[in-house]
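Participant: next come a sequence and a model predicted from it.
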Amino acid sequence: MAKAQSKAEIRNRFIKQAVDSSTATGKNLEAAAKQTEGRKQHSIDKNEPPKDDEEGKTAWDGDTLDLENLGKPFDRTEINEDFLEAIKDAENPGVTGDLQVCQLQGDYLACMERAFRSRHATRCRHTMHAAARRYGHGHNAGVIRKGVLGYLEGILKVSKDSV
């Protein structure tokens, strides 16, 4: 068996969305605090395709109501492909660091996407999500009764049976 070699990369999507945008935001806030310029709104890279993209893919146009394409700036396809590349061949595997690098980049971008979607959701969407969450919490098979209460009851049952 060949010696394992690293196959993952730190992807530009992660650099642009997580690192560069945080740096720009920090500089922006510093300038605003010094009152040398006004505070700018957080902007994200829209994941625009190369000019010679033959597949006809389009970048997200910045419309926060375009739910279908809202995730394009946080696309994790390359990161997922790196992960699969590291584990697909048992004779020529990647290293555990590949898995860690891919997982952390993907998770970070997913968290950023969830925060972005929540920040730009409509009032109606927030209301409906909150209503569904409250309904689920109050349901007999919900997370509170079935999950938390069920878990506590299970602990007590095991504790009392062991005495």
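Facilitator: It's in. Owing to the predicted nature of the structure, the values given are computational and were not obtained by experimental measurement. Numbering: from 1, shown residues only.

Participant: give me the distance between the most centrally placed residue in the chain and residue 143.
Facilitator: Central residue of the chain (C-alpha atoms, centre = their mean): residue 110, 0.6 Å from the mean position. Applying C-beta to C-beta, to the nearest Å, the value for residue 110 to residue 143 is 21 Å. For the C-beta atoms, the positions are set from N, CA and C on the backbone; glycine is no exception.

Participant: in this model residue 73 seems to touch residue 60, though I could be wrong.
Facilitator: Yes: using C-beta atoms under 8 Å, residue 60 makes contact with residue 73 at a distance of 5.9 Å.

Participant: flag every buried residue along the helix or strand of the chain with the lowest mean pLDDT.
Facilitator: The helix or strand of the chain with the poorest confidence is helix 21-33; it has a mean of 76 (mean pLDDT, DSSP states H and E). Using 16 or more other C-beta atoms under 10 Å as the test for burial, helix 21-33 gives 21, 28.

Participant: where does the protein dip in pLDDT?
Facilitator: Applying pLDDT under 70 to the chain flags the ranges 1-2, 37-59, 163.

Participant: quick one, domains of the chain?
Facilitator: Using automatic domain parsing, the domain parsing of the chain gives 1-52+71-120, 124-163.

Participant: most tightly packed of those domains?
Facilitator: Compared across these, domain 1-52+71-120 shows the largest average neighbour count, a mean of 14 (mean count of other C-beta atoms under 10 Å).

Participant: tell me how far that domain lies from the chain's centre.
Facilitator: 9 Å (C-alpha atoms, centre = their mean, to the nearest Å).

Participant: in contact with the spatially closest residue to residue 8 that is not a sequence neighbour, which residues?
Facilitator: Leaving aside its chain neighbours, residue 8 sits nearest to residue 98 (3.8 Å; criterion: C-beta to C-beta, 6 or more residues apart in numbering). Residue 98 is in contact with 6-8, 82-83, 86, counting by C-beta atoms under 8 Å, 6 or more residues apart in numbering.

Participant: name the SS class of residue 127, please.
Facilitator: At residue 127, secondary structure determined by DSSP: H, G, I helix; E, B strand; the rest coil is helix.

Participant: measure residue 106 to residue 129 for me?
Facilitator: From residue 106 to residue 129 the distance is 24 Å (C-beta to C-beta).

Participant: can you redo the domains of the chain as JSON lines with distance to residue 65?
Facilitator: Putting the domains of the chain into JSON lines (distance: least, C-beta to C-beta, whole Å) gives the following:
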{"stretch": "domain 1-52+71-120", "distance to residue 65": "9"}
{"stretch": "domain 124-163", "distance to residue 65": "10"}
